[in-house]
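> Model the following, please.
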Amino acid sequence: MNIVQQKIEALLFYKNEPLKYTWLAKQLKLEESDIRQEIYAMSDFYKNRGITLVISDDEVSLMTSPVAREFIQEFTKNKEERELSKQALETLAIIAYKDRITKSEIDYIRGVNSVFILRNLLIRGLITKKQNILDKRSPFYVITHDLLSFLGIEKNTDLPGREQLYEKLNILETDYLKEQEAIVKEPIIVNDSKD
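Next comes the predicted model:
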């Protein structure tokens with residue numbers, strides 16, 4: 001693999017979602033046609049491996065290979081059968097009652113980093129990511145239709161006690177936004193005294 005292919009692979013692994021050729025071209029400062037050429041050249045590398053390169057007309061992704069699919073499905077099934085931890089239930093409740101929320105807001109409410117819990121909930125299909133138009137680097141987390149179906153409700157507004165909890169979460173969100181504004185407005189003090 002050449003350096004461009006290594007960078008493409010790293011981005012695919014890091015983002016863990018299908019990436020558009022146009023996006024890859026912009027990140028790597030190359031022409032889209034060059035990106036396509038590099039990706040097609042990479043496809044042989046992924047033959048007979050645990051992961052494979054899935055190439056479509058406008059995007060590419062790294063996925064589990066067909067050979068390992070049954071094993072992964074069994075592994076995922078066993079993982080899904082385990083009960084959710086208290087921390088995972090807490091995070092899931094925040095997302096469900098808030099409707100849509102960013103990771104940093106979840107971390108602020110919980111007081112700890114939630115990256116591993118969010119990944120676990122994503123793997124189980126209980127939550128999903130939605131694009132945040134205001135900040136593309138910070139997607140919104142929302143609950144899935146599968147979770148609503150499991151809970152036996154049609155929409156998250158049907159959750160018990162939602163109005164009261166929603167108000168409390170909004171207060172926390174307001175506090176979070178004020179704190180973020182204060183950080184941005186905090187003056188930078190330059191010490192120009194000469195010792």
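
> Can you show me the CA trace of the lengthiest helix in the chain as PDB?
Scanning the chain for the helix with the most residues, using DSSP state H, yields helix 162-185. The C-alpha coordinates for helix 162-185 follow below in PDB (Å, rounded to 0.1, in the frame of the first residue of the first chain):
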ATOM      1  CA  ARG A 162     -41.200  13.200  29.500                       C
ATOM      2  CA  GLU A 163     -42.400  16.800  30.000                       C
ATOM      3  CA  GLN A 164     -40.800  17.200  33.400                       C
ATOM      4  CA  LEU A 165     -37.600  15.500  32.500                       C
ATOM      5  CA  TYR A 166     -37.400  17.400  29.200                       C
ATOM      6  CA  GLU A 167     -37.500  20.700  31.100                       C
ATOM      7  CA  LYS A 168     -34.700  19.500  33.500                       C
ATOM      8  CA  LEU A 169     -32.600  18.500  30.500                       C
ATOM      9  CA  ASN A 170     -33.200  21.800  28.900                       C
ATOM     10  CA  ILE A 171     -32.000  23.600  32.000                       C
ATOM     11  CA  LEU A 172     -28.800  21.500  31.900                       C
ATOM     12  CA  GLU A 173     -28.400  22.200  28.200                       C
ATOM     13  CA  THR A 174     -28.700  26.000  28.900                       C
ATOM     14  CA  ASP A 175     -26.100  25.700  31.600                       C
ATOM     15  CA  TYR A 176     -23.800  23.800  29.200                       C
ATOM     16  CA  LEU A 177     -24.200  26.400  26.400                       C
ATOM     17  CA  LYS A 178     -23.500  29.200  28.900                       C
ATOM     18  CA  GLU A 179     -20.300  27.400  30.000                       C
ATOM     19  CA  GLN A 180     -19.200  26.900  26.400                       C
ATOM     20  CA  GLU A 181     -19.800  30.600  25.600                       C
ATOM     21  CA  ALA A 182     -17.800  31.600  28.700                       C
ATOM     22  CA  ILE A 183     -14.900  29.400  27.500                       C
ATOM     23  CA  VAL A 184     -15.000  31.000  24.000                       C
ATOM     24  CA  LYS A 185     -15.200  34.600  25.400                       C
END
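
> What average pLDDT does it get?
Across helix 162-185, the average pLDDT comes to 74.

> in it, what counts as buried?
Buried positions in helix 162-185, judged by neighbour count with 16 or more other CB atoms under 10 Å: 162, 165-166, 169, 173, 176. For every residue, glycine as well, the C-beta is placed using N, CA and C.

> ok, now how distant is Gln6 from Ile106?
From Gln6 across to Ile106, the span is 33 Å (CB to CB, to the nearest Å).

> If you count surrounding residues, which of the two has more?
Ranked by neighbour count (other CB atoms under 10 Å), Gln6 and Ile106 place Ile106 first, with 21 against 11.

> I'd say the more buried one and Leu92 touch.
No: assessed by CB atoms under 8 Å, Ile106 is found out of contact with Leu92, at 10.3 Å.

> Which residue, other than its chain neighbours, is closest to Leu53?
The shortest distance from Leu53 to any non-neighbouring residue, by CB to CB, 6 or more residues apart in numbering, is to Tyr46 (4.6 Å).
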